[in-house]
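sequence first, predicted model second:
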Amino acid sequence: MASYGEIKAEALVMLAEALSLHTGEGEPVTDETLREFGLDPENTDDESLPEFMQ
């Protein structure tokens, strides 16, 4: 896990957020959320994963 920021405090806030998401806190991603970001939840792009991700 890694985080970054222009200042130490900003990096620490981002790291805390990353850790909380990693441990299961936060909101689940819904179809609505995907649409808000311009993504089509129906387009699953069935290409096979790269070898390092299998």
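Perfect, I can see it now. Owing to the predicted nature of the structure, the values given are computational and were not obtained by experimental measurement.

okay, buried residues for the longest helix along the chain please.
For the chain, the helix that runs over the most residues, judged by DSSP state H, is helix 8-22. By 16 or more other CB atoms under 10 Å, helix 8-22 has no buried positions at all. Glycine gets a C-beta too; all of them are placed from N, C-alpha and C.

what do you get for stretch 39-47?
So for stretch 39-47, nothing qualifies as buried (16+ other CB under 10 Å).

per-residue confidence averaged over it?
The pLDDT scores in stretch 39-47 average 78.

can you tell me the distance between the two ends of that stretch?
17 Å (CA to CA, to the nearest Å).

can you list contacts of that stretch?
Identification of contacts with stretch 39-47 by CB atoms under 8 Å, 6 or more residues apart in numbering yields 31, 34-35.

so where is the protein shaky, pLDDT-wise?
Low-confidence segments of the chain (pLDDT under 70): 1-5, 44, 46, 49-50, 53-54.

go with 90
1-30, 33-35, 37-54 (pLDDT under 90).

can you show me the CA trace of the longest helix of the chain as PDB?
This file holds the C-alpha atoms of helix 8-22, laid out as PDB (Å, rounded to 0.1, in the frame of the first residue of the first chain):
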ATOM      1  CA  LYS A   8       3.300  15.200   5.000                       C
ATOM      2  CA  ALA A   9      -0.100  15.800   6.600                       C
ATOM      3  CA  GLU A  10      -1.800  15.300   3.200                       C
ATOM      4  CA  ALA A  11       0.100  12.100   2.600                       C
ATOM      5  CA  LEU A  12      -0.900  10.800   6.100                       C
ATOM      6  CA  VAL A  13      -4.600  11.600   5.500                       C
ATOM      7  CA  MET A  14      -4.500   9.700   2.200                       C
ATOM      8  CA  LEU A  15      -2.700   6.800   3.800                       C
ATOM      9  CA  ALA A  16      -5.300   6.600   6.600                       C
ATOM     10  CA  GLU A  17      -8.100   6.600   3.900                       C
ATOM     11  CA  ALA A  18      -6.300   3.800   2.000                       C
ATOM     12  CA  LEU A  19      -5.900   1.700   5.100                       C
ATOM     13  CA  SER A  20      -9.600   2.100   6.100                       C
ATOM     14  CA  LEU A  21     -10.700   1.100   2.600                       C
ATOM     15  CA  HIS A  22      -8.300  -1.900   2.700                       C
END
